[in-house]
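K.L.:
Pasting the sequence and the predicted coordinates here, then a few questions.
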Amino acid sequence: MSTPINLDAVRHTMVTTVMVDTVRISRPTGTPVLDVETGLVGPTPTAKVWEGSGAVLSAHGLAAVEHLVGGRWLEDNASWYGLVSPLSAPLPQRGDLVTVVAAKEPTAGTVGRTWQALDPGEASTVEVARITRLDEVVLL
């Protein structure tokens, strides 16, 4: 007979050991404006949807989390990055932008980088965290 998994304990582990950075989800709200002096297109206007604890992990980092929590909670990811956010966070939508605004570890290399949500956040009958597939974008 197998022992039931304590999902609250897994969620707690995810929040305290994985979702240790501050991430911002923003949604494009308009079209970029052309700077007539430089000829360059400016940034797309956005509105902040949510900011809070989370993590942006590479595919390697996502696999490492499986070992940390003792189970396969994260499915294989076609993209190289994934946003891990708490269940209390809103469900990111396709095209939302995810920016790491602060990292617990100074060597993370993620602060200031921005990714675009490729799909709406994954949903499941049994969830311990929100997982959203990301692709990095270069903002001018």
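P.N.:
Now that the structure is in, tell me what you want to look at. Numbers count the residues shown, from 1 in each chain.
K.L.:
least trustworthy helix or strand in this protein by mean pLDDT?
P.N.:
helix 59-69 (a mean of 60; mean pLDDT, DSSP states H and E).
K.L.:
quick one: strands adjacent to the helix or strand just after that one?
P.N.:
Next along the chain after helix 59-69, taking DSSP states H and E as the criterion, comes strand 81-85. Applying DSSP bridges, strand 81-85 is found paired with strand 46-58 (antiparallel), strand 130-137 (antiparallel).
K.L.:
Please state the offset of the longest one from the chain centre?
P.N.:
How far strand 46-58 lies from its chain's middle: 6 Å, per CA atoms, centre = their mean, to the nearest Å.
K.L.:
what residue lies at the spatial centre of the protein?
P.N.:
When CA atoms, centre = their mean is applied to the chain, the residue found nearest the centroid is L83 (2.0 Å).
K.L.:
The nearest residue to that one once chain neighbours are set aside: how many residues sit nearby?
P.N.:
Nearest-residue entry for L83: T132, 4.2 Å, with adjacent residues in sequence omitted and distances by CB to CB, 6 or more residues apart in numbering. Where C-beta positions appear, they are placed from N, C-alpha and C, glycine not excepted. Neighbour count of T132, defined by other CB atoms under 10 Å: 28.
K.L.:
Then N6?
P.N.:
By the criterion of other CB under 10 Å, N6 has 10 neighbours.
K.L.:
Kindly list the main-chain dihedrals of it?
P.N.:
Dihedral pair for N6: phi -90, psi 100, per degrees, to the nearest 10.
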